[in-house]
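**Q** Can you look at this prediction? I've put the sequence above it.
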Amino acid sequence: MHRHIKRILFPAKTIRKRVKTLGEEISRDYKGREPILIGVANGALVFLADLMRTLSYPAKIDLIRVRSYGQKASTSGLIAISKDIEIDIAGKDAIIVEDIIDTGLTIDFIIRHLEKNNPASIGVCALLDKSAARKINIKINYAGFPVINEFVVGYGLDYAENYRHLPYIGVLKPEIYS
Ligand code: 5GP
């Protein structure tokens, strides 16, 4: 285990199994429709790469990236798109693939932004759901694991661009970020 990690929440094998069941659920629910996956960079890259390979259809993908201004520890609500999607989702089903939903402000902003492209539908698939921190009501269609209000890293999730490479998801020692 990395020396900055307090404890492992989800080992690689547990994540792999859960991602597979999410992929099976998506494939079943959207049978014959082939939704486009839109990953929220950079945190969701590892999840997106694994999820797309569990689907029973040849999924198309794209990336969106947002920047949130203000305090580092929590989402301020001031959010801007720093990289938009390039694929055309008009009239198509889309699923936003996110690493973690905390306050919900980021995903709400992304949904509103993507709706301007007139997709047939927008779903939300989040690997982690930190529901205790939610500030607005968000419908998560596919949620991997619930997490409590602790700062987690690994499997794509970072702190100051570190720890994304870890194959597991763990709680970062508070002394690293405080
Ligand atoms: P929200 O807008 O829902 O508050 O924030 C979502 C974003 O905050 C996530 O995409 C992620 O970048 C970041 N975030 C929230 N909680 C955590 C956490 O525990 N660990 C990491 N690494 N990022 C988090």
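**A** Received, thanks. Residues are numbered from 1 along each chain as shown.
**Q** Pull up the gap between the spatially most central residue of the chain and G154, please.
**A** Centroid-nearest residue in the chain, with CA atoms, centre = their mean: E98, separated by 1.4 Å. The gap separating E98 from G154 is 16 Å, by CB to CB, to the nearest Å. C-beta: built from backbone N, CA, C; applies to glycine.
**Q** One more: T21?
**A** 20 Å.
**Q** More neighbours: those two, which one.
**A** G154 (25 against 12; other CB atoms under 10 Å).
**Q** Return the residues of this protein in contact with the ligand.
**A** 43, 75, 98-107, 130, 151-153, 157-159 (CB under 6 Å from any ligand atom).
**Q** Which ones among those map onto helices?
**A** Using DSSP state H, the subset of those located in helices is 105-107.
**Q** Tabulate the residues you listed (JSON lines), appending pLDDT and neighbour count.
**A** Below are those laid out as JSON lines (pLDDT from 0 to 100; neighbours: other CB atoms under 10 Å):
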{"residue": "L105", "pLDDT": "94", "neighbour count": "21"}
{"residue": "T106", "pLDDT": "95", "neighbour count": "20"}
{"residue": "I107", "pLDDT": "97", "neighbour count": "22"}
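**Q** Of those residues, just say which sits nearest to the ligand.
**A** T106 (3.2 Å; CB to the nearest ligand atom).
**Q** Would you check that that closest one makes contact with V66?
**A** Yes - with contacts counted by CB atoms under 8 Å, T106 reaches V66, the gap being 6.0 Å.
**Q** Identify the contacts common to those two.
**A** Counting by CB atoms under 8 Å, 6 or more residues apart in numbering, the common neighbours of T106 and V66 are 40, 79.
**Q** Run through who's touching the longest helix belonging to the chain.
**A** In the chain, taking DSSP H as the definition, the longest helix is helix 12-29. If you take CB under 8 Å, 6+ apart as the criterion, helix 12-29 is touched by 10, 35, 47, 50-51, 53-57, 95, 125, 127, 142, 144-145, 155, 167-169.
**Q** And for F109, nearest residue in space, chain neighbours not counted?
**A** I79 (4.5 Å; CB to CB, 6 or more residues apart in numbering).
**Q** what's the neighbour count on that neighbour?
**A** Using other CB under 10 Å, I79 has 18 neighbouring residues.
**Q** E115 versus that one, what's the distance?
**A** 15 Å.
**Q** go on, I15?
**A** 30 Å.
**Q** more neighbours, those two?
**A** I15 (22 against 12).
**Q** so what's V66 bridging to?
**A** I81 (DSSP bridges).
**Q** Local confidence estimate at it?
**A** Reported pLDDT at V66 in the predicted model: 96.
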